[in-house]
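Engineer: quick one, structure for this:
(chains A and B)
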Amino acid sequence: DAGITQSPRHKVTETGTPVTLRCHQTENHRYMYWYRQDPGHGLRLIHYSYGVKDTDKGEVSDGYSVSRSKTEDFLLTLESATSSQTSVYFCAISDSRGENEQFFGPGTRLTVL
Amino acid sequence: GQSLEQPSEVTAVEGAIVQINCTYQTSGFYGLSWYQQHDGGAPTFLSYNALDGLEETGRFSSFLSRSDSYGYLLLQELQMKDSASYFCAVRAYGGATNKLIFGTGTLLAVQP
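Structural biologist: As a prediction, the model looks like this:
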């Protein structure tokens, strides 16, 4: 299995507080992605990175920011959490242009009260 | 825009064969992937089709028809452990990387 970890695995927070989720990989893969998964919506791309300090928006990027200061870490920040951001967040990595396979982390379950 | 459609639920019995269909509308299509996700777990890659035709990997096969914007995942000799959600995903051109757009998933229930 690809070496991907996410932290924290579970978090409960209150509306309006900042939250940062971390994705860490040991595979030295170039591409990293953040998805959210909600019932009835499948997996939706929030942001992705194609290299250190190179990031771009996905389909549901409003309210989220990301940073990638080194190859192994990709951070997702909710500047001011809202209840609509309650979700399961998955990080994924790939070693090409996402051609064949993305490897997913274990997920972070975030609840915003 | 881009969209994928797949059935929300499928039920089959152990030992049977089941087909999960996926139709898509997208621009800059490069290929169709399939992922499996067990309840509470991470999605895992099953297969990828870039060209028309059938790709076989053990009990699982995946088919693509680019002219019909259609694909399917075929699971043979169903086992209880195959009970999971299955997602099709389109690899579509997007900026500096080829992004995956996922369908909403098909929940497969395998019954004894």
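
Engineer: would you map the strands across chain A?
Structural biologist: All strands of chain A, identified by DSSP state E, fall at A:4-7, A:10-13, A:19-25, A:31-38, A:42-51, A:54-57, A:64-70, A:73-78, A:87-94, A:103-104, A:108-112.

Engineer: dump those to CSV, plus mean neighbour count.
Structural biologist: From N, CA and C alone the C-beta is placed, and that goes for glycine too. Formatted as CSV, the strands of chain A follow (neighbours: other C-beta atoms under 10 Å in any protein chain shown):
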stretch, mean neighbour count
strand A:4-7, 18
strand A:10-13, 13
strand A:19-25, 19
strand A:31-38, 24
strand A:42-51, 21
strand A:54-57, 16
strand A:64-70, 16
strand A:73-78, 20
strand A:87-94, 24
strand A:103-104, 21
strand A:108-112, 18
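
Engineer: what about residue B:11, neighbour count?
Structural biologist: In terms of burial, residue B:11 registers 12 neighbours under the definition other C-beta atoms under 10 Å in any protein chain shown.

Engineer: ok, now which ones touch it?
Structural biologist: When contacts are counted by C-beta atoms under 8 Å, 6 or more residues apart in numbering or on different chains, residue B:11 is found next to B:108-111.

Engineer: and residue B:70, what are its bridge partners?
Structural biologist: Legend: beta-bridge partners of residue B:70 under DSSP bridges are residue B:23, residue B:65.

Engineer: give the contact list for it.
Structural biologist: With contact taken as C-beta under 8 Å, 6+ apart, residue B:70 is in contact with B:21-24, B:64.

Engineer: with chain A as the reference, measure out to it.
Structural biologist: Distance, residue B:70 to chain A, using C-beta to the nearest C-beta, to the nearest Å: 18 Å.

Engineer: beyond the helix or strand of chain B with the lowest mean pLDDT, next helix or strand please.
Structural biologist: Ranked by mean pLDDT, DSSP states H and E, the weakest helix or strand in chain B is strand B:97-102, scoring a mean of 78. For strand B:97-102, the succeeding helix or strand toward the C-terminus, using DSSP states H and E, is strand B:106-111.

Engineer: what pairs with that next one, parallel or antiparallel?
Structural biologist: Using DSSP bridges, the strands paired with strand B:106-111 are strand B:9-13 (parallel), strand B:84-94 (antiparallel).

Engineer: closest to residue B:99 out of the strands of chain A?
Structural biologist: Closest approach to residue B:99 among the strands of chain A is made by strand A:42-51 (5.9 Å; C-beta to C-beta).

Engineer: show me what the residue nearest the centre of chain A is bridged to.
Structural biologist: Closest to where the C-alpha atoms of chain A average out (C-alpha atoms, centre = their mean) is residue A:34, at 2.8 Å. Residues in a beta bridge with residue A:34, per DSSP bridges, are residue A:47, residue A:91.

Engineer: got the contact list for it?
Structural biologist: Remark: with contacts taken as C-beta under 8 Å, 6+ apart, residue A:34 is in contact with A:21, A:23, A:45-48, A:58, A:64, A:66, A:74, A:76, A:89-91.

Engineer: for the residues you listed, which one is nearest residue B:79?
Structural biologist: When the contacts of residue A:34 are compared for distance to residue B:79 (C-beta to C-beta), residue A:90 wins out at 25.4 Å.

Engineer: tell me the contacts of the closest one?
Structural biologist: With contact taken as C-beta under 8 Å, 6+ apart, residue A:90 is in contact with A:6, A:34-37, A:43, A:104-105, A:107-108, B:42-43.

Engineer: can you count the residues close to residue B:60?
Structural biologist: By other C-beta under 10 Å, the residues close to residue B:60 number 17.
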